[in-house]
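1. Need a 3D model of the sequence below.
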Amino acid sequence: MRSVGVLGAGRIGSAIIRALKSCTPDLEVYASGRSEETLSRALRFGAKVSRDNAYVVRNSDLVIVSVKPYHFLDVYNQVPADFWSGKLVVSVMAGVRLETLSRVLQGAKVFRAMPNINTLVSKSATAIATNNSNSEDRSLVESVFRCFGSVYWVPEEYLDIWTSLVGSGPAFMAEIIDGLVLGAVSSGMTRDIAYKATLDMIEGTVKLLRELGTHPIEIRDEVTTPSGTTIQGLKILESKGIKAGLMEVVETSFRRSREIGIEIDNSIKAKISH
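-> Below is the predicted model:
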């Protein structure tokens, strides 16, 4: 694979470009955008830029569609149908199903990918779904997305759950972190020290869980001593129903993700039929 195109070099699109050029400097990256700011940013990151989506598709072996879902058909209408034939096309648009992508982009080999905002620091966890069983195609797609984090191959029906857990997850974690920090501030510590220490603590806990391969409950029990500080804190977590609340957060976000996906996909299908 010699070239990758990014249709829609917005925040996530530009982060993808930067990660790709850092990971594989010799890779040709083409990018399109609607604004001068978007194009200038993509150019700074090393992409060849254009407002012409057809130019990007024509010159790319693999195309990442990173536009808003409601701009998808505009992009399609700007690109001659035969330009898509035989291309590897990866959609990072929320909601647009593989079946719909295949109908619109006839002849393309389609994939769906769900990265998250951590793409900005090349630490995304990305889910990829496809009906394509070709191992070479899958390997090429995976190699691209591994440039900015970890990759998980999942059934398409998991993507709405993934969106709620991993896509929205950084926002949920940010709230939890802020709550812990505010607790330390309320107890008399400066925010700067509390914030940095909390990030270090979370990073260390994640590393511990990965390296030990244990269930989180085992770490909890290791830290908890009879009549100590941790058990008192855990008692508050239990009384406030924090764990049940977190479960409900993911479940509620999943239901909304699924609703939005259905709305988006139905809207595109309706426009196709007209």
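
2. What is the end-to-end distance of stretch 46-64?
-> Start to finish, the residues bounding stretch 46-64 are 16 Å apart (C-alpha to C-alpha, to the nearest Å).

3. in what helix or strand does V63 lie?
-> strand 62-65 (DSSP states H and E).

4. what residues does that strand touch?
-> Under the criterion C-beta atoms under 8 Å, 6 or more residues apart in numbering, residues 1, 3-8, 13, 16, 56-57, 72, 75, 87-93, 113, 140-141, 144 lie in contact with strand 62-65. All C-beta atoms are positioned from the backbone trio N, CA, C, and that covers glycine.

5. Can you tell me which of those residues end up in helices?
-> Members of the contacts of strand 62-65 lying in helices (criterion: DSSP state H): 13, 16, 56-57, 72, 75, 140-141, 144.

6. Compare the residues you listed and tell me which is most surrounded.
-> In terms of neighbour count, I16 stands highest of those at 34 neighbours, by other C-beta atoms under 10 Å.

7. I'd guessed that one sits against G5; true?
-> No. Assessed by C-beta atoms under 8 Å, I16 is found out of contact with G5, at 10.8 Å.

8. Identify the residues contacting T198.
-> 177, 180-181, 184 are the contacts of T198 under C-beta under 8 Å, 6+ apart.

9. scratch that, P216
-> L209.

10. is G149 in a bridge, and if so with what?
-> The partner list for G149 in beta bridges (DSSP bridges) reads S124.

11. Quick one: residues contacting it.
-> Per C-beta under 8 Å, 6+ apart, neighbours of G149: 115, 118-119, 122-126.

12. Tell me the buried residues in stretch 171-180?
-> 177, 180 (16 or more other C-beta atoms under 10 Å).

13. Use 26 as the first number for this chain going forward.
-> Let's use 26 as the start, then, which means that last one is stretch 196-205.

14. Which residues outside that stretch are in contact with it?
-> So stretch 196-205 is contacted by 219-220, 223-224, 227, 271, 274 (C-beta under 8 Å, 6+ apart).

15. By neighbours, which of these wins?
-> A219 (20 neighbours).

16. how much space between that one and T230?
-> Distance of A219 to T230, given as C-beta to C-beta, to the nearest Å: 16 Å.

17. got JSON lines for the contacts of T223, with distance to V191 and secondary structure too?
-> Listed next are the contacts of T223 as JSON lines, based on distance: C-beta to C-beta, whole Å; DSSP: H, G, I helix; E, B strand; the rest coil:
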{"residue": "I202", "distance to V191": "17", "secondary structure": "helix"}
{"residue": "L205", "distance to V191": "21", "secondary structure": "helix"}
{"residue": "V206", "distance to V191": "23", "secondary structure": "helix"}
{"residue": "A209", "distance to V191": "27", "secondary structure": "helix"}
